[in-house]
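Trainee: Structure for the following, please:
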Amino acid sequence: MARRPSTVSVASLASSRPPLQPSRSPGAASVLSPSASKVPRSISGLTNSKSQDNVVDIEPDELFAKYTIAEVKTRQAQLRSDAEAKQEDLRIMVGERYRDLLQASSSIISIATSAKRVQAALEETTTAIRSQKVPSVQNHVSQSGKDDAHLQMLQVLSAHIKLLLDAPEHLWRLIEREKYFQAAWLFLLARVVHRALICDDAQDDESWTQHGIDVLEQFPLIQRQWETVSHFRTQIIHRATLSLRLCDKTCEATCATLLTLHILDSRPLTETLTIFLSQRTRTLNTLLAKGFDTPELSDGSLVNGTPPGSRKFSDRETKLSAKTAAIAVKNSTRVALEAISRTLYTARAVFGNSSSARSLATGVLDSIQSEPSSPPPPNLPAELLLSTQAVLNSLPSSTYVSLLPANIRAYRPFVDLSSVSSSLPQEVLRDKLGSWFGQSTTNLRGAFDKWVASLDVVSAVWQVRSSLRKWVAHSGLEAPEMVNLTEFLDEVFSTRITGIWKAVLVRAEKEFLQALNSYTTRYSRYPDMFSPLCSLYRSSSVLQPPPGTGPSSLDPSFHAYKATLTQRLEGRAPRLHEALTTLEDAATSLQKDLSRMFADGESSQLVVDLTAAYRPEAQSLCIRVATALKVSSEELMASRDVNTAMSRLVFYAHIAKELSTSPFVCNVGCDQAVAASFREEMNALFERTMSCWEEYVVSDTMSYYARTVTTWQTPPGTHPSPPMMECLYMLSTSIHNLGMSHHQSYLMTVPQRMIAKFSAAFVRNIDDGGALDMLQVLYDLSFLRHLTSKWKNAEVAALEHAIDRLQSHLTDSSKHDADRSASDYLSRTQMLISALVPEAPEVTPVENGDKITGVLKYGMTVMDSQFLPAVELAPPSSRFPLLLVDAR
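Mentor: Next up, the predicted model:
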């Protein structure tokens, strides 16, 4: 508004001039007219001089008299540009303030309307006041007693209203402290107070109307306050119902909560029991659905349910994981069982049982209806002995309590003790608790099976079982419930233990078959894998402890070294031990589990039942192992690739022999008949495979002899031929490479059988014309006969018959002492073919003696006798004597 005069003056001045060109943009105010744009810069500089007077108020005549024509035109252009700028500002201001102007006008109209209404109300009030008649002097009572009664009635009214005003805050406080019984009592008391205020009897001398008080008309606050208080009923009922899910509440607190529902919600005790059990069912379902966290190792790998192909855990990690999982399962199960046990115990404590004469709920209801002067019932906690006076004293400001009427201060909720709703028959209680217990154990079974399934070790399962059985024995349940719960736990644990054992057997069988396939595939690269040189006499390194560690760090490496030495003393090759350890370790673990379980004398019958249920699986495993070995052996014996097949067949023979003497079949849990049958099958398989191997070795040796004897160019001598000795050396090496040193019974029979088979094959070869020189064959046969006679073999007669036939073809056979030559040559080669030479009687060494005579059982070679090589050697080089030897 302050800019309005200048705007009008500029507009009037602009109206006396020709109209300007309309501006196209907000910046058009700075654009001059064409005439003004032609003004020289020297003249236009005058427009900015502050010494120039304001030409707006100068008369035109004075203007033309004072300035030149050019200066007047400059002033004209300046004034026009200023006018355009003012018009543009005016348009912008009107556009921005138009909305504010409209709002201001609307507000002015609204204020005017409100003022008129206020004025009309004041006029109406003035008219009403003037229309009232002035009371006469005669109606005034001058008696002071009536004034005092009216004042006292107002104080009583204020006490009622104060109680309603304080009730919401105190109700919230009681609800937050979970004192629902006190909150229900206070709510019922507030309802009584509200009814006392609104239900007024005009005939009563103590009524509000008799004292000239219209409560609803004069105090509308009362009804609004009661609407606020009345909402607490649903809050108390809802919060009390939810609090029944807490299993750690005492029996007294649960009884107070249930009586809250009975008194405040008018629910019978039978229905309150149903609500209590349903809420505890939800709690149990929540606990079962929650489960427990699967423990993890330090590297994040899962303890149970390890995926295939993942790393194997060490023994320490396995024990740690099994212990952690057992603790988790035990804690989760105990929490669920405690929820069931506390529910049953609390229900019996609140509603009574056959052994108790009076229930807790009945005692509280009797105390509510008893006279105030009567003594309190015994054995009732103080928190359940409520009264209106105690509830009023707990209010924040209880100074006005004495102003309340006596009937309100002595108020007690009405309970009809003779009604069916206030009593609960014991038959109904037993039926409901029994049904709930059965349903709860059924729900627990599904979750408990999953929890126990996470335990992969029988020791952990048995530990959890022992702990839970001890807890059940001290749980406070009744005898039938304890028996049912114990049977339930035993059934679950028995199923899991049997499942673990079956899984161990399945895993052992699978790993055993995999070991067979993998090791037999690589067997051809290690033909001497069973030789003592490859297993018994191989050195093992002992790991050195890290610097700065104590003696305890040596234990793992020492135990590993001890286990390696024990394995070697048992005569097992490393690969054979790895193949058999899968079965034997599984059987050993099962035996340890049974021993640990039998140590618990109270569960011997359960262990017997578990063993009986598991035994068919163990016997089936033995049958499947024997069948797998038989089928594989049959396939190898029928294979065309004889060399590879025989190598793998020896591996199978070793496994069969070890299984026939291994404690596996006893530790795995088979009965005596099945164990004996299994050992017989393994021995029979071993004998069959070894017989096939012997035939192969003898045939291969004879093939070598047939190939070698045709290329032998050395003239015959007075000793066995090198091809013969090479064949015997091959037989001896084959027997050594079998690695049967720890099976002496077989080691004493296999050389005898192989010599007999070789002798028979050699005789057949001679009969077929495979010999080139009769004299050399005579010495070979004589050496074989001498070697065979040491074993007292039946083939001696066949060899003697062959020798007789040869001597009949020789012209002067009397000149050839083949027997003496054979005896002397055996003493020379007894260490070379040691596997084919039987144990001889002890030889007493000579007194001057040489200790080596105790080693050479068949005598020593004469030192001055001519050296005879056992095998054909290469001739010495002709340049060897020409080498210069330094005499120094």
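Trainee: next one: stretch 261-281 to chain centre, how far?
Mentor: Once both centres are worked out by Cα atoms, centre = their mean, to the nearest Å, stretch 261-281 turns out to sit 38 Å from its chain's centre.
Trainee: now what about it, what contacts it?
Mentor: Stretch 261-281 has contacts (Cβ atoms under 8 Å, 6 or more residues apart in numbering) with 184-185, 187-188, 233, 236-237, 240-242, 244-245, 247, 254, 258, 339, 343, 347, 351, 361, 413, 415, 420-424, 428-429, 432-433, 436, 439-440, 443. For the C-beta atoms, the positions are set from N, CA and C on the backbone; glycine is no exception.
Trainee: Repeat the analysis, applying 7 Å as the threshold.
Mentor: 184, 187, 233, 236-237, 240-241, 244-245, 258, 339, 343, 347, 351, 361, 413, 421-424, 428, 432, 436 (Cβ atoms under 7 Å, 6 or more residues apart in numbering).
Trainee: Out of those residues, which end up buried?
Mentor: When the contacts of stretch 261-281 are checked for burial by 16 or more other Cβ atoms under 10 Å, the buried set is 184, 187, 233, 236-237, 240-241, 244-245, 258, 339, 343, 347, 351, 361, 413, 422-424, 432, 436.
Trainee: residue ranges of the helices in the stretch 201-350 of the chain, please?
Mentor: Assigned by DSSP state H, counting those that start in this stretch, the stretch 201-350 of the chain shows helices spanning 215-218, 221-230, 232-243, 251-264, 269-290, 315-351.
Trainee: got it, and the stretch 701-850 of the chain?
Mentor: Secondary structure of the stretch 701-850 of the chain (DSSP H, counting those that start in this stretch): helices at 722-738, 744-747, 750-767, 774-791, 795-809, 818-829.
Trainee: Equivalent analysis for the stretch 1-150 of the chain, please.
Mentor: Assigned by DSSP H, counting those that start in this stretch, the helices in the stretch 1-150 of the chain fall at 4-15, 34-37, 41-44, 60-66, 69-131, 144-176.
Trainee: Go through those helices and name the closest to residue 586.
Mentor: helix 144-176 (60.1 Å; Cβ to Cβ).
Trainee: Now do the helix or strand containing residue 497 against helix 315-351, angle only.
Mentor: Taking DSSP states H and E as the criterion, residue 497 maps to helix 479-522. Counting by axes from the mean of the first three to the mean of the last three Cα atoms, to 10 degrees, helix 479-522 lies at 160 degrees to helix 315-351.
Trainee: what packs against helix 479-522?
Mentor: helix 426-453, helix 458-473, helix 574-598, helix 604-637, helix 642-661 (3 or more Cβ pairs under 7 Å, 6 or more residues apart in numbering; DSSP states H and E).
Trainee: circling back: okay if I get the helices of the stretch 1-150 of the chain as JSON lines plus distance to residue 664 and mean neighbour count?
Mentor: Output for the helices of the stretch 1-150 of the chain, formatted as JSON lines (distance: least, Cβ to Cβ, whole Å; neighbours: other Cβ atoms under 10 Å):
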{"stretch": "helix 4-15", "distance to residue 664": "117", "mean neighbour count": "13"}
{"stretch": "helix 34-37", "distance to residue 664": "119", "mean neighbour count": "12"}
{"stretch": "helix 41-44", "distance to residue 664": "120", "mean neighbour count": "10"}
{"stretch": "helix 60-66", "distance to residue 664": "134", "mean neighbour count": "11"}
{"stretch": "helix 69-131", "distance to residue 664": "100", "mean neighbour count": "12"}
{"stretch": "helix 144-176", "distance to residue 664": "68", "mean neighbour count": "16"}
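Trainee: Just send those back as CSV, with distance to residue 289 and mean pLDDT too.
Mentor: Below are the helices of the stretch 1-150 of the chain laid out as CSV (distance: least, Cβ to Cβ, whole Å; pLDDT from 0 to 100):
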stretch, distance to residue 289, mean pLDDT
helix 4-15, 80, 36
helix 34-37, 90, 36
helix 41-44, 92, 37
helix 60-66, 101, 82
helix 69-131, 61, 87
helix 144-176, 28, 81
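Trainee: Export these as a markdown table, with columns for distance to residue 486.
Mentor: Below are the helices of the stretch 1-150 of the chain laid out as a markdown table (distance: least, Cβ to Cβ, whole Å):
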| stretch | distance to residue 486 |
| --- | --- |
| helix 4-15 | 103 |
| helix 34-37 | 114 |
| helix 41-44 | 116 |
| helix 60-66 | 125 |
| helix 69-131 | 84 |
| helix 144-176 | 42 |
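Trainee: Nearest to residue 687, out of these?
Mentor: Residue 687 lies closest to helix 144-176 among those, at 86.7 Å (Cβ to Cβ).
Trainee: so the closest one versus helix 221-230, what angle?
Mentor: Following the same axes, to 10 degrees, one obtains 20 degrees for the angle between helix 144-176 and helix 221-230.
Trainee: Please give the element, helix or strand, for the closest residue to residue 233 other than its chain neighbours.
Mentor: Excluding the flanking residues, the one nearest residue 233 by Cβ to Cβ, 6 or more residues apart in numbering is residue 187, at 6.0 Å. Residue 187 belongs to helix 180-198 when assigned by DSSP H and E.
Trainee: What helices and strands are in contact with that helix?
Mentor: Counting by 3+ Cβ pairs under 7 Å, 6+ apart, helix 180-198 packs on helix 144-176, helix 215-218, helix 221-230, helix 232-243, helix 251-264, helix 388-393, helix 406-409.
Trainee: circling back: want to throw the helices and strands packed on helix 479-522 into CSV with distance to residue 686 and mean pLDDT?
Mentor: As requested, the helices and strands packed on helix 479-522 are exported to CSV (distance: least, Cβ to Cβ, whole Å; pLDDT from 0 to 100):
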stretch, distance to residue 686, mean pLDDT
helix 426-453, 41, 91
helix 458-473, 33, 90
helix 574-598, 13, 84
helix 604-637, 10, 88
helix 642-661, 4, 84
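Trainee: from the ones you listed, which stretch is densest packed?
Mentor: Mean neighbour counts were taken over these using mean count of other Cβ atoms under 10 Å, and the top value, a mean of 21, falls to helix 642-661.
Trainee: by how many degrees do that helix and helix 722-738 diverge?
Mentor: Per the same axes, to 10 degrees, the angle that helix 642-661 makes with helix 722-738 is 40 degrees.
Trainee: For helix 642-661, what is the distance to the chain centroid?
Mentor: Relative to its chain's centre, helix 642-661 lies at 43 Å (Cα atoms, centre = their mean).
Trainee: pull the CA atoms of that helix into PDB?
Mentor: What follows is helix 642-661, C-alpha atoms only, in PDB (Å, rounded to 0.1, in the frame of the first residue of the first chain):
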ATOM      1  CA  VAL A 642      44.800-113.000 -16.700                       C
ATOM      2  CA  ASN A 643      47.700-110.800 -15.400                       C
ATOM      3  CA  THR A 644      45.500-108.000 -14.200                       C
ATOM      4  CA  ALA A 645      42.900-110.400 -12.900                       C
ATOM      5  CA  MET A 646      45.400-112.400 -10.900                       C
ATOM      6  CA  SER A 647      46.700-109.200  -9.300                       C
ATOM      7  CA  ARG A 648      43.300-108.200  -8.200                       C
ATOM      8  CA  LEU A 649      42.400-111.800  -7.200                       C
ATOM      9  CA  VAL A 650      45.300-111.800  -4.700                       C
ATOM     10  CA  PHE A 651      44.000-108.600  -3.200                       C
ATOM     11  CA  TYR A 652      40.600-110.300  -2.700                       C
ATOM     12  CA  ALA A 653      42.200-113.400  -1.300                       C
ATOM     13  CA  HIS A 654      44.000-111.300   1.300                       C
ATOM     14  CA  ILE A 655      40.700-109.600   2.200                       C
ATOM     15  CA  ALA A 656      38.900-112.900   2.600                       C
ATOM     16  CA  LYS A 657      41.700-114.300   4.700                       C
ATOM     17  CA  GLU A 658      41.800-111.300   7.000                       C
ATOM     18  CA  LEU A 659      38.000-111.300   7.400                       C
ATOM     19  CA  SER A 660      38.100-115.000   8.300                       C
ATOM     20  CA  THR A 661      40.300-114.200  11.300                       C
END
